[in-house]
Structure formats: structure tokens, C-alpha cells
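Asks: heads up, no residue letters with this:
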């Protein structure tokens, strides 16, 4: 049975999820330790750190395993036919969760950002090191998912292998159009859909992170954050509408230009 790029991306996300959740099984990680900060005399709980660790160590790996399993269940057509979008979205969420936790940890512990993400020189092998290395697995899953999305829009990649038939013709035609110095042929209609999906999901993911941060402020007793909790979804919806209208306006201009050319 031939395995698609989406399924390979699913396997990679499953590997990421299994390695990270295994830290709880081995006792390397404990939920009760989340958010603890040593202030010199005793430990205190930092709510923001707690939720960021929860997102990075539990929510993200669990989502990775869930979406990975869906990439192999063809009976669920609603998710299976668009699984590459879910894989790309979860991969982005994982990457954002990892970098958000690292950024916040730097502000608390005054640590080196690169060392938190990629490890310290001479660090001994441990389950945490393997868990940290799965970031590259997630990046690979994201790349594969994006390539599968591009394929649906007629933009195929062969990873160095020869392509033939219709796929090869489309790839050659796209490259020829891309390198057309006269700008007589348009590629906007081919790539706009991909760019719109990426932009829309970045807006949604940013809104989700903002909601988490606003919720943390609300739990700290800042009741003004309640208005932010209501405002973020509204601003997100308006942003998606404006972005959609901008893309549609651009495509409309391209269609008018193509019809005028004919």
C-alpha cells in the first residue's frame, strides 16, 4: 500500500506525540510541577508558565497523536479528504507552543533562548534531549503537509525525482510562468489559495494564544481582561473577513486582466 505524504507527516506527528507524552510515563515530567518557579526561599506558581507548559507538553502532543490517527482513517471523509490542512495546523500549533514556552522561560530564568530550543553544548543524552529533537520532526511534518496542500493547487514537488505526465507538465508550466520576465502570465490564482489558508490559520493560532494569555490575566484577578476575552474573537473574525476580501479583490483584478488580455 502506497503511503501518501500526509500519512508520513501523520507518522512524524505521532512520533512527536509519543516521545513527549512518554516523559510522563517515565516520571521525567509531572503535571504538579508545571508553573513552579523558585524565588530563592520557596517555590511559587506562575500561571502563565503553567498554561504554556500545559500546551507544550500535553495539549500539543495529544493533538499530534489525534490528527496522526485521523490521517489513516479513510472512512472519516470529512477529515481524511482535508487531512493535510489539519496536519499543517497542528504542526504550526506545536511550533508556536514550543517557541512561546521558550520565550517566556527566558524572561523568567534569564536562560539562553537557543539553548532551550536546541540544547546545551555537551549535554548528556536523556529523554528530554530526545523530546527536544522532535521539533525537527514536527518541522518535517509541516513541510510535507504544505507540499501536499500545494499539490492540490497544481504545484507539485518531486524531491529530486523525475516527474512525468500531467504533474510534470504542471510543474514545468508553473516554473516557466514564475520566471517569465514579461509578466504576461499570472500565477496569482494558483498560489493565492495556499497563501490565504496559511494566513487564515496564522490569524486563528495567534488568536488562540491571545485567548490563553488573556485567560491567564483573568485568573490573576485582572477583570479588565474579561473584555479582551470577548474582543479577541470579534477582532479575529473581522481580520479573517478583511483578509478574505483582500484576496478576493486581488483575484478579481487578475480575472479582469486575463479577460482583457483575451
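Replies: Now that the structure is in, tell me what you want to look at. These numbers come from a predicted model, not from an experiment.
Asks: Who are the contact partners of the residue positioned nearest the centre of the chain?
Replies: Centroid-nearest residue in the chain, with CA atoms, centre = their mean: residue 92, separated by 0.8 Å. Residue 92 makes contact with 142, 201, 202, 205 under the criterion CB atoms under 8 Å, 6 or more residues apart in numbering. For the C-beta atoms, the positions are set from N, CA and C on the backbone; glycine is no exception.
Asks: Now it: which helix or strand?
Replies: helix 83-109 (DSSP states H and E).
Asks: domain assignment for the chain?
Replies: Domain assignment of the chain by automatic domain parsing yields the ranges 5-152, 188-261.
Asks: Comparing these, which yields the minimum mean pLDDT?
Replies: If you rank the domains of the chain by mean pLDDT, domain 188-261 sits at the bottom with a mean of 80.
Asks: residue ranges of the helices in the stretch 51-200 of the chain, please?
Replies: 60-70, 77-80, 83-109, 113-118, 127-152, 165-178, 188-219 (DSSP state H, counting those that start in this stretch).
Asks: just checking, what packs against the fourth one?
Replies: What it means is helix 113-118. helix 83-109, helix 127-152 (3 or more CB pairs under 8 Å, 6 or more residues apart in numbering; DSSP states H and E).
Asks: got those helices as JSON lines, with distance to residue 19 columns?
Replies: Output for the helices and strands packed on helix 113-118, formatted as JSON lines (distance: least, CB to CB, whole Å):
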{"stretch": "helix 83-109", "distance to residue 19": "12"}
{"stretch": "helix 127-152", "distance to residue 19": "5"}
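Asks: which residues touch the nearest residue to residue 55 once chain neighbours are set aside?
Replies: Computed as CB to CB, 6 or more residues apart in numbering, the closest residue to residue 55 that is not its neighbour in sequence is residue 97, at 4.6 Å. Shown in contact with residue 97 (CB under 8 Å, 6+ apart): 52, 55, 56, 59, 60.
Asks: If burial is judged by neighbour count, which of these pass?
Replies: Neighbour counting with 16 or more other CB atoms under 10 Å marks 52, 55, 56, 60 as buried within those.
Asks: Looking at those residues, which is nearest residue 242?
Replies: residue 55 (27.7 Å; CB to CB).
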